[in-house]
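Asker: Fold the following, please.
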Amino acid sequence: MNVIVITISLLALFFLHQCRFLNSLISTARTLFKENLTGKVVLITGASSGIGEHLAYEYARRGARLALVARRKRRLQEVADVCEIIGSPESVYILGDVSNIDDCKRFIDATVNHFGQLDHLVANAGVAPVCLFEDYDDITKASPAIDINFWGSVYSSYFAQQHLKKSKGKIIVISSCAGWVFAPRTAFYNASKAALISFYETLRIEFGTRIGITIVTPRFIDTEMTEGKFLSKEGRLEVDREMRDVQVSLMPVESVENCAKAIVESARRGDRYLTVPSWMETTILWKVFCPEIMDGWNRFKILGPGSSYRDSPSKKILHVVNEIKQLLLS
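Answerer: Numbering: from 1, shown residues only. Just a heads-up that it's a prediction; the model follows:
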């Protein structure tokens, strides 16, 4: 079997250029014939801030009707109001917790009952626990990562699927490059995002052409998470700027506006995948061909030799660079 598989793989290399040329033609056709979103019904989870909020604005500018879901009423109402000002014919907000299966059924049903259809489901809601596995006193405090990030998307898709099949609609799922780039303290977050990629890859095969699926894998985007809003080991959402300096450090942070615009355009084209920023795609090759180097670098950079995250090389490097900037500007 080894000989057969290796032989077939070598022969397939001869057809690589033809496949790339065909993919280029398909990509060009998708760009020329992008979906018109005017009047389409789009449901976005986690729409009260960050990527979800700005996705709402991008869909609104293209004339979509919106159902915005999150747990913060005031923020949702503000986002819905802005959406109607900038171009959405109608934007409604629905309070809901995606980790609650009954809530997911309720907000999907409420959307379809109100608008009469559903064209895009954007599964965006997420939370990031940041803690070393060995430091948890109660391991169940990390469960929101799976309940919200994974099951929240799955529940929503389950109840939306029948409506999306009728409209030949799409699921846009916001995963993360953390699905293959693994940093210390984010084990549960990474696992939830890797699970999303695996699940929706499988779902794409099951659905075939009945429902389009775009899997989005952002890296660091300018949202509450990159400002240090993490789920603590006690299970509370807290802003920890010191931990932010450790985990993000000098990594470039993409603007949330550019990210949202790229996602909506990718959804309109019907792309299978989108990575933001695009250069992060190369890290898949690093993971495949030199995993030891990649893992060793992440361990050294974020954990280092110290006993505390305050001593991490990533934080020290950031502070040195900031001091140099201040000296140059003074």
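Asker: Residue 173 pairs with what?
Answerer: residue 123, residue 215 (DSSP bridges).
Asker: How many residues are close by it?
Answerer: 23 (other C-beta atoms under 10 Å). In short, each C-beta sits where N, CA and C put it, glycine included.
Asker: where's it relative to residue 264, distance?
Answerer: 14 Å (C-beta to C-beta, to the nearest Å).
Asker: cool, residue 322 as well?
Answerer: Applying C-beta to C-beta, the value for residue 322 to residue 264 is 34 Å.
Asker: out of the two, which sits in the busier spot?
Answerer: Neighbours were tallied for residue 322 and for residue 264 using other C-beta under 10 Å; the higher tally belongs to residue 264 (25 against 12).
Asker: Contact partners for the more buried one?
Answerer: 37, 55, 58-59, 62 (C-beta atoms under 8 Å, 6 or more residues apart in numbering).
Asker: And the helices in the stretch 1-150 of the chain?
Answerer: Listed in chain order, the helices of the stretch 1-150 of the chain (DSSP state H, counting those that start in this stretch) span residues 2-13, 16-32, 50-61, 73-86, 101-115, 144.
Asker: What sits closest to the residue minimising distance to the centre of the chain if chain neighbours are left out?
Answerer: Nearest to the geometric centre of the chain sits residue 174, at 2.8 Å (C-alpha atoms, centre = their mean). Nearest residue to residue 174, sequence neighbours excluded (C-beta to C-beta, 6 or more residues apart in numbering): residue 124, at 4.5 Å.
Asker: can you tell me how far that neighbour sits from residue 216?
Answerer: 9 Å.
Asker: State the pLDDT value of residue 328.
Answerer: At residue 328, the pLDDT value in this model is 78.
Asker: phi, psi of it?
Answerer: Main-chain dihedrals, residue 328, degrees, to the nearest 10: phi -70, psi -30.
Asker: What residues does it make contact with?
Answerer: Applying C-beta under 8 Å, 6+ apart, no residues contact residue 328.
Asker: Please report the distance of the residue nearest to residue 174 from residue 156.
Answerer: 10 Å.
Asker: next one: residue 325
Answerer: Distance from residue 325 to residue 156, by C-beta to C-beta: 43 Å.
Asker: of these two, who's got more company?
Answerer: A count of neighbours by other C-beta under 10 Å puts residue 156 above the other of residue 325 and residue 156, at 28 against 10.
Asker: wait, is that one part of a strand?
Answerer: No - counting by DSSP: H, G, I helix; E, B strand; the rest coil, residue 156 is not part of a strand but helix.
Asker: With adjacent residues omitted, what lies nearest to it?
Answerer: residue 104 (5.0 Å).
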